[in-house]
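Enquirer: Predicted model and sequence below, questions to follow.
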Amino acid sequence: AGLAANRLLIVGLGKSAKLTADKVRNAAGTAVRFVKPRGIRELVFALPVSELLPAASCTRAAVEGAFVGDFDPDTYRSDRKDQSVESFTLAAPAGADRTALEAAFAEAIIIGESQNFTRSLVNEPGNKLTPTILGQRAAQMAEKVGLNWRNYSTDKLHDLKMGAFWSVSQGSAEPPALIVLRYEPEGVKDGPYTGPTLGLVGKGITFDSGGISIKPGENMEKMKYDMAGGAAMIGAMRAIALLKPRVRVIGIVCAAENMPDGKAQKPGDVQTAMSGKTIEIINTDAEGRLVLADGLTYARQLGATHLIDAATLTGACVVALGHVNAGAFSNDDEAWGKFDAALTISGEKFWRLPLGEEYAEMIKSEIGDIKNTGGRYGGAITAAEFLKVFVEETPWIHLDIAGLAWVEDSKPYIAKGPSGVAVRSILEWVRSYQLLATSF
C-alpha cells in the first residue's frame, strides 16, 4: 500500500533465523541482474530488518552485491549494449543510524569497485593483457589512488637473481613484469614506523600453456585467468589505498607468460631461486609456485613481516574442494585466526588444509634442494609446502583460489566468468592488523 515505485521485486533471503550478510549480498546481486536486461536503470533496495544483522552490515553487503551483479564479461562483443544499473539506492529501517549507514555505503562502493576492477583484469584475453600491459594497468590504478609503484622486467629479475621467476618467462616472446605497489599509512613520514609490514604476493601468469609440459587443448582458453591471484592483489591494494588502514602494505605481482618455445625450460632442468635454493623442474606446468617463490623472497627482502599469497595454483585443490571452497594454508595460527575472522565479514569461503613434514618429504629432490611437484597425491598441499620453503619462519597464508577464480556457470547474483575472489578477504585480513600499528 502506498508504494511509490512502478515495480516491486521480491527476493527471498531464506529463514530469518539464518540470515547472513552474504545472503543479503547475493540478494542484491540477484536483484541487479534481474532488472538489467529489462531496461530498468534505477533500483531501490529495502534493507531487511533483523536483530541478528546490524543495518550497517546489511548496507555494506547489499552495495557489494550490487556491484558484483552489475558486472558482465562481454567486453569485446561488437554489438554490446551497456545495461548497467545507473542508480542503486538503499531504503533503511526507521530509526537506523544514518551516519553509520552512509559510511558503510561509501566503504562498500570502494570494495565493490575494487573487486570489479580485479574481474576486469582477469577477464582480459592473453593478447590484450600481457605481463607488460598488466603492469601498466596496475600503474594507472596506482596513480589514481595514490599508491607508490614500480614496474620492473628482465634486467631486474637478473639483478635480483630471481632464477625461478625468470625460468617461467624464458620461453615467451613477452617479457616478464615484476609489479611492486606500496601503501604507507598516513603519518609514517613524520616518524618511525613500528607496526607490521604486510606483504601481498600474487601469481600473475597472464597465459599458461603449460610450457614444454603442455596442457591439453580443451579449455586451454581459460588459462588467461591464471593471473587471478595477482589481479586480486592489485584489486586489494586499490581498496587499501582508498580505505587507508593504519598499517604498511607491500603488494608484489610476478607476471609472466608460460610458453613452450625453443628457449623454454625443460623437465629435468635445475633452477636457482632468489633465496639460493635449487629447484628441480619435474613439470613445467607447475610454474606458479616458481614465480611465487621469488615473489615471497622479495617481499621479505623489502621488509614484509607477514605474508599472504594468492594463486590459481593447483587443479588438485579443485579436486579436493570443488567449486565451493578455495584452499588455504598457514604456518601461523595467529595469522590464520585473523584471516578466518575476516571471512565472516567478506562472506568468501576458504577451507584450511594441512601442512606437515610428511608432505614436505614429497618435494625433496635428489639432484637439488626441492622439486616443483610432489606427485599426484596431495598436490595442493605439496605445492603449499614448496612455498613454505621460501617464507621460512615468517607468518604466512597461502590461498589456492583455482576453484573459485572463475564462475563456470552463471548464478542469479553473478555472471559466468571472473569472480574477483579473495579481494574482500585479503582486505579484511590487512585491516585486522591496523590496530597494532600504533606508533608512526
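Expert: Alright, I've got the coordinates.

Enquirer: Can you classify the closest residue to residue 304 other than its chain neighbours as helix, strand or coil?
Expert: For residue 304, ignoring the flanking residues on the chain, the nearest one in space by Cβ to Cβ, 6 or more residues apart in numbering is residue 199 at 2.9 Å. C-beta here means a position set from N, CA and C on the backbone, and glycine is covered the same way. Recorded secondary structure, residue 199: strand (DSSP: H, G, I helix; E, B strand; the rest coil).

Enquirer: which ones are touching residue 199?
Expert: 249, 250, 252, 296, 299, 300, 302, 304, 306, 307, 308 (Cβ atoms under 8 Å, 6 or more residues apart in numbering).

Enquirer: Going by neighbour count, which of those comes out on top?
Expert: residue 296 (31 neighbours; other Cβ atoms under 10 Å).

Enquirer: Relative to residue 271, how far out is residue 224?
Expert: Distance from residue 224 to residue 271, counting by Cβ to Cβ, to the nearest Å: 25 Å.

Enquirer: ok, now residue 279?
Expert: Taking Cβ to Cβ, one finds residue 279 at 5 Å from residue 271.

Enquirer: okay, and the common contacts of those two?
Expert: Common neighbours of residue 279 and residue 271 (Cβ under 8 Å, 6+ apart) are 164, 290.

Enquirer: number of nearby residues for residue 362?
Expert: By other Cβ under 10 Å, the residues close to residue 362 number 18.

Enquirer: tell me the SS of the residue nearest to residue 288 when sequence neighbours are not counted?
Expert: In space, and not counting its chain neighbours, residue 288 is closest to residue 203: 4.5 Å by Cβ to Cβ, 6+ apart. Put simply, residue 203 is strand when judged by three-state DSSP.

Enquirer: So that it lines up with my notes, have the first residue be 24 from now on.
Expert: Got it, first residue is 24 now, which makes that one residue 226.

Enquirer: What confidence value was assigned to residue 226?
Expert: If you check residue 226, the pLDDT there is 98.

Enquirer: residues contacting it?
Expert: 249-250, 252-253, 277, 311, 314-315, 318, 332-336.

Enquirer: Let's see that with 10 Å instead.
Expert: By Cβ atoms under 10 Å, 6 or more residues apart in numbering, residue 226 lies in contact with 191, 249-256, 276-279, 310-315, 318, 332-336, 423-424.

Enquirer: just residue 248 next, same as before
Expert: Per Cβ under 10 Å, 6+ apart, neighbours of residue 248: 142, 144-147, 149, 228-231, 254, 335, 425, 428-429, 440-442.

Enquirer: try 8 Å this time
Expert: 145, 335, 428, 429, 441.

Enquirer: can you give me the helices for this protein?
Expert: With helices called from DSSP state H, the chain shows them at 44-58, 78-93, 121-146, 154-168, 177-182, 186-192, 251-266, 311-324, 338-344, 356-369, 380-384, 402-414, 446-454.

Enquirer: what angle do the last one and helix 251-266 make?
Expert: Which is helix 446-454. 50 degrees (axes from the mean of the first three to the mean of the last three Cα atoms, to 10 degrees).

Enquirer: And the residue nearest to residue 327, how far from residue 202?
Expert: In terms of Cβ to Cβ, residue 222 sits 13 Å off from residue 202.
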